[in-house]
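Asker: What follows is a predicted protein model with its sequence.
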Amino acid sequence: MDALLHSNRVPEPHETTILSSMMKTERDSINTLDTRIHRLEQDAEMARQRIQQLTTQLEAETRGLRLHEDSIAKLRTTRNALEQSIERKQATMSSRRRIPGEIWREIFLLLWESEFQRRSKHKPPFSVALQVGAVCREWRGLAQTTTRLWSIIDYSFSLKERVRERKLYHYLDHIGAATPYIILRKARCLLLPSALCQATTAAELTIQLEHPVLQYGSRLTFPLSTPVFSHLCKLSIHSRQSIIPILSCSLRPFPALDNLRLTNTVIYWLRPIIPHINLKSLYIGGTWEGRHRWENVSIDIIMVAEWFSNLTVLTLDCDWQCEWQISTPHVVLRHVKSLCIRSSAITNVHGLTFHVSFPNLTKLSNRGKNMNGLMTLVQAWGESVETLVLSGLEPDGDSSQHLSEMLGDSGKLPRLSELVFLNITQTRAIDIAVVVDAVIRHNNSAANDQVERDGIKTITLPIIYNSDPNLNRLPVAVQWE
């Protein structure tokens, strides 16, 4: 039939019958398909209608969901407020509110004790009384009746001095008879505030001067209404930016003073000597802050010996000055057990050793990066020294040679038993090999001496040297800083 359909001839009768049958079959198929198409179009239309209804319903449900969420948020806010109200009521009924005041007072005193231990560090201690007094009325009442909590006074001067003075008076109203530590910051003179007349039981007083306005020979003074500080044991005066002069008679208000620390301070000595001063520890030195260095500070050792004859601990981190003449009396500081110096700052080491002696010295410490002048001092004062402390050595100078000469012969330090290195430069400035050789020679010399001596027993080194292989040769115990 395909050939007939693609030709132009007239079909035969039997072909006509076949074609008619085929067309009838195809018309029946078309009618069947039209019926199915019509039915499917009806189903699609019904689906479109249902989708439109569902879309409308979804939009309505979405709006309802948003309303529900807003209602839930409001209810949660209300619930949280009620929960916080319950917590506040529970806190009101908690056992903490029934803790006796004596227990809280002991807790406050423990906190005060921890802060008092930090009084000498860079970060100043905070006022425990003010901190705990700001919590609640009960704690404020406890703080105001606990005098020891007010015994760390950290007072800063300002241009509005009258306002600050009133605050200091208010602070001192609570101290009673317990004021172990007072620090005055940013003072511009040595005239202390009159409010301190209530703090005469203080055990420690620190004055930090910044940009002071001082005249020649200024003295530490108090208002006329201020009684004597009869309980003061430790006095520190520190000037950051300039060298300040004070008179020796400034110590008169402190009959119980046994520890004096002066930084960037020059003393002008006056007579007569105050008889009741029985100082045990004295520090005089400079600072590396600003343009002033420790070389700008000096001390008259003769006057130190006259004024403070009972010193046991002496630190002079400065130059020692004196007009050494034939008539100059020999200075003997018999009670000094520990001496700390900066040998490189002393301008006349040889004159010093001829006129000054420490017959009972057991500990000698040297500050600085080198040991210039130390050999001469050791030969003069090392007879009874048992501990030698060296604070840093120059890596490229003569320190190694000086150390070898100093330790190699036990005659220079015959009683030396402990050697301490404090490497303040934080660099490898100590030649351990030199130390080992010097210690071995020192101990061998001590063993061969006619008088039996034990030699060096302990060496303290900075921790950065704990991997040095030369330590294996060291015949003594090593401790680490």
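Answerer: Okay, I see it.

Asker: Any stretches of the stretch 1-150 of the chain with poor pLDDT?
Answerer: 95-97, 116-127 (pLDDT under 70).

Asker: got a list of what the closest residue in space to residue 277 that isn't next to it in sequence touches?
Answerer: Nearest non-adjacent residue to residue 277, counting by C-beta to C-beta, 6 or more residues apart in numbering: residue 251, 5.8 Å away. Placement of C-beta: from N, CA and C, glycine included. For residue 251, the contact set (C-beta atoms under 8 Å, 6 or more residues apart in numbering) comprises 220, 235, 257, 260, 274, 277.

Asker: and the helix or strand where residue 440 lies, how far out from the chain's middle?
Answerer: Applying DSSP states H and E as the criterion places residue 440 in helix 432-448. Put simply, helix 432-448 sits 39 Å off its chain's centre (C-alpha atoms, centre = their mean, to the nearest Å).

Asker: hmm, who's touching that helix?
Answerer: Contacts of helix 432-448 (C-beta under 8 Å, 6+ apart): 400, 403-404, 406-411, 413-414, 416, 419, 421, 453-456, 459, 461, 465, 468, 470-471, 473-476.

Asker: Likewise for stretch 474-481?
Answerer: The contact list for stretch 474-481 (C-beta under 8 Å, 6+ apart) reads 422, 432, 435-436, 439-440, 443, 456-463, 466, 471.

Asker: Look up how far residue 284 lies from residue 237.
Answerer: Computed as C-beta to C-beta, to the nearest Å, the residue 237 to residue 284 distance reads 10 Å.

Asker: residues shared between the contacts of those two?
Answerer: Both residue 237 and residue 284 are in contact with 262, 265, where contact means C-beta under 8 Å, 6+ apart.

Asker: Buried ones in the helix holding residue 440, by neighbour count?
Answerer: If you call a residue buried by 16 or more other C-beta atoms under 10 Å, then helix 432-448 has these buried ones: 432, 434, 435, 436, 437, 438, 439, 440, 442, 443, 445, 446.

Asker: Present those as JSON lines; the columns should include pLDDT and distance to residue 329.
Answerer: Conversion of the buried residues of helix 432-448 to JSON lines gives the following (pLDDT from 0 to 100; distance: C-beta to C-beta, whole Å):
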{"residue": "432", "pLDDT": "80", "distance to residue 329": "44"}
{"residue": "434", "pLDDT": "81", "distance to residue 329": "40"}
{"residue": "435", "pLDDT": "83", "distance to residue 329": "39"}
{"residue": "436", "pLDDT": "85", "distance to residue 329": "43"}
{"residue": "437", "pLDDT": "85", "distance to residue 329": "42"}
{"residue": "438", "pLDDT": "84", "distance to residue 329": "37"}
{"residue": "439", "pLDDT": "86", "distance to residue 329": "39"}
{"residue": "440", "pLDDT": "85", "distance to residue 329": "42"}
{"residue": "442", "pLDDT": "83", "distance to residue 329": "35"}
{"residue": "443", "pLDDT": "83", "distance to residue 329": "39"}
{"residue": "445", "pLDDT": "79", "distance to residue 329": "36"}
{"residue": "446", "pLDDT": "76", "distance to residue 329": "35"}
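
Asker: which SS state does residue 359 fall under?
Answerer: Per DSSP: H, G, I helix; E, B strand; the rest coil, the local secondary structure of residue 359 is coil.

Asker: contacting residues for it?
Answerer: 332, 334, 383, 384.

Asker: Got a quick ChimeraX command for the buried subset of the contacts of helix 432-448?
Answerer: Those of the contacts of helix 432-448 that count as buried under 16+ other C-beta under 10 Å are selected in ChimeraX with:
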select :400,403,404,406,407,408,409,410,413,414,416,419,421,453,455,456,459,461,465,468,474,476
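
Asker: Please narrow the contacts of helix 432-448 to those residing in helices.
Answerer: Among these, DSSP state H puts 400, 403, 404, 406, 407, 408 in helices.

Asker: who touches the second one in this structure?
Answerer: Applying C-beta under 8 Å, 6+ apart, one finds that residue 403 lies in contact with 371, 390, 393, 434, 435, 438.

Asker: What's the separation between the fifth one and residue 419?
Answerer: Between residue 435 and residue 419 the distance is 8 Å, computed by C-beta to C-beta.

Asker: Could I get the full set of helices for the stretch 201-350 of the chain?
Answerer: Along the stretch 201-350 of the chain, the segments classed as helices by DSSP state H, counting those that start in this stretch run 301-307, 349-355.

Asker: what's the answer for the stretch 51-200 of the chain, then?
Answerer: With DSSP H, counting those that start in this stretch as the criterion, the stretch 51-200 of the chain has helices spanning 101-116, 128-133, 137-144, 161-172.

Asker: ok so, going back, okay, the contacts of residue 251 in a markdown table with neighbour count and pLDDT next?
Answerer: Output for the contacts of residue 251, formatted as a markdown table (neighbours: other C-beta atoms under 10 Å; pLDDT from 0 to 100):
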| residue | neighbour count | pLDDT |
| --- | --- | --- |
| 220 | 20 | 63 |
| 235 | 23 | 88 |
| 257 | 22 | 90 |
| 260 | 22 | 93 |
| 274 | 16 | 77 |
| 277 | 19 | 81 |
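
Asker: Stretch 70-89: how far from the chain's middle?
Answerer: That offset, for stretch 70-89, works out to 45 Å (C-alpha atoms, centre = their mean).
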